[in-house]
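Colleague: Generate coordinates for the sequence data below:
(one chain, ligands or ions: 1)
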Amino acid sequence: MRVVALVALLAACTSPTAHGVDVVDANPAPPPPAPSAPAPPTPAHSGGSGSPALPAGKAPVAAHKIDLSGAPVQGGYGRGQATGGEVAQILLDGEAVPFSDEGRFFIAYQRDAPPVVQLQVRYADGTSIDRPVEIADVAFPESRLPPITQRIEASADFQRKRAEEVSRITASRAERSDFEGWRDDFTAPAEGRISGVFGSQRFYGDEARSPHGGLDIAAPEGAAVSAPASGRVVLAGGGYSFEGNLVILDHGLGLFSAFLHLSRIDVKEGDVLAQGDLIGAVGATGRATGAHLHWGLWWNGVRFDPATLLSDAT
Ligand SMILES: [Zn+2]
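Modeller: Alright, predicted model coming up:
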C-alpha cells in the first residue's frame with residue numbers, strides 16, 4: 001500500500017520540456033483523515049441529518065442564515081459565516097468543518113468536486129439549515145510526456161526516507177489553530193510568471209500521475225518569498241527529497257500554505273508572521289527543473305487552487 005502511494009507520488013509534475021516546474025506536489029498523497037475542529041456533540045434533538053423531520057417546536061428559525069463567498073469551482077474555496085444563533089456543528093458533505101466562536105469558517109472544494117456539495121449548519125438550539133453549493137466544472141489542462149524509464153523511487157532506502165519525510169509534513173498540519181490568516185485577502189507570495197497551474201494532469205505514456213497540487217511561480221533564484229496571509233510557521237526545514245527547503249504556514253481553521261524549493265529559509269518553527277513578512281527566497285532545491293516557487297494550499301485534507309484565492313483578492 002505504502003509502496004503504491006509513494007510511487008504514485010513521484011514525478012508528479014516532472015516535465016522535461018518545461019522550465020521552472022517542480023517534480024512533485026507540495027503535499028504527500030493521500031492526505032490522512034484530518035482531525036476535525038472541536039465540534040460539540042450534536043444535540044440529541046437536532047433532527048439527525050437535518051431532514052425536515054424536526055421535532056415539534058423546533059421549526060427552523062428565520063434568523064438562521066449562512067453567508068458564503070469565495071470561488072465555487074472545482075479546486076476553489078469558500079469563506080462564510082453562520083449567524084442567528086449559537087453554532088454547534090458545521091458539515092461539508094458530512095465532514096466536520098472547523099469554525100470560530102462567531103460561526104465563521106473556511107472551506108475548500110476538491111479538484112474533482114461534484115456539481116453540488118452540501119453545507120449544513122447545526123445550531124445549539126437543535127435546528128439546522130442546509131445550503132447546497134453549486135460547484136462549477138473546471139477543464140484542468142493535460143499534458144502528454146514520454147513514458148518514464150528510470151524509477152529511483154523503487155529503492156527501499158528511498159522509501160524509508162520518504163516515509164519519514166511524509167510523516168513530518170503530515171504531523172505539521174495535524175493541529176487546528178484559531179489564527180485568522182484565513183480571513184486575509186491573499187497576496188501572491190512571489191512575483192513572477194505562472195509556470196504551472198493547479199490541477200494539471202500529466203501522463204507519461206499511458207500512465208496518469210497525480211495532478212499538480214499547487215501553483216508554480218517562476219522567479220529568479222534569490223527572489224523574495226513572502227507570507228500570502230498571516231500565520232504561524234509549523235514547519236521550516238531542508239533536505240526534503242522533492243520539496244527541498246520547505247516552509248509550511250498555518251493560517252488557522254485547518255488552512256495551511258506550503259512553500260517549496262526555497263534557496264533560503266528566513267523563518268523558524270513557531271514564528272508568527274504577518275501578511276507580507278519574508279519567508280525566504282526562491283530556489284530550485286529538491287526536485288525542480290529550474291528556480292521557481294511551488295505554493296500549495298491545503299484545507300482539512302483537501303488540496304485546492306491558490307489562484308482562486310488570489311483572483312478573489314481586492
Ligand atoms: Zn509545482
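Colleague: tell me the contacts of the closest residue to Pro141 other than its chain neighbours?
Modeller: Distance criterion CB to CB, 6 or more residues apart in numbering; nearest residue to Pro141, sequence neighbours excluded, is Ser200 at 4.7 Å. Every C-beta, even on glycine, is put in place using the N, C-alpha and C of the backbone. Applying CB atoms under 8 Å, 6 or more residues apart in numbering, we find Ser200 in contact with Cys13, Phe140, Pro141, Glu142, Ser143, Pro211, His212.
Colleague: Got phi/psi on the fourth one?
Modeller: With angles defined as degrees, to the nearest 10, Glu142 sits at phi -120, psi 150.
Colleague: Surely it is in contact with Phe203?
Modeller: Yes: taking contacts as CB atoms under 8 Å, Glu142 lies within contact range of Phe203: 6.8 Å.
Colleague: what distance separates the start and the end of stretch 274-288?
Modeller: Distance across stretch 274-288, first residue to last, is 28 Å (CA to CA, to the nearest Å).
Colleague: For stretch 178-194, measure first residue to last.
Modeller: End to end - CA to CA - stretch 178-194 spans 31 Å.
Colleague: quick one: buried residues of it?
Modeller: Phe179, Gly181, Trp182, Arg183, Asp184, Phe186, Ala188, Pro189, Ala190, Gly192 (16 or more other CB atoms under 10 Å).
Colleague: Pick out the most distant pair among these.
Modeller: Greatest spacing in these, by CB to CB: Phe179 and Gly192 (27.0 Å).
Colleague: from the buried residues of stretch 178-194, which ones fall inside strands?
Modeller: Applying DSSP state E to the buried residues of stretch 178-194, no entry is found in strands.
Colleague: From those residues, pick the one nearest Leu119.
Modeller: Trp182 (16.4 Å).
Colleague: wait, doesn't that closest one sit right on Asp250?
Modeller: No: judged on CB under 8 Å, Trp182 makes no contact with Asp250 at a distance of 9.6 Å.
Colleague: near the ion, which residues of the stretch 101-250 of the chain?
Modeller: Within the stretch 101-250 of the chain, the residues that sit near the ion (CB under 5 Å from the ion) are Gly196, Gly214, Asp216.
Colleague: What about those residues, which one has the most neighbours?
Modeller: Gly214 (30 neighbours; other CB atoms under 10 Å).
Colleague: Leaving out the residues flanking it, which one is nearest to that one?
Modeller: Gly296 (3.5 Å).
Colleague: for His64, same thing?
Modeller: Using CB to CB, 6+ apart, the closest residue to His64 is Gly84 (3.9 Å).
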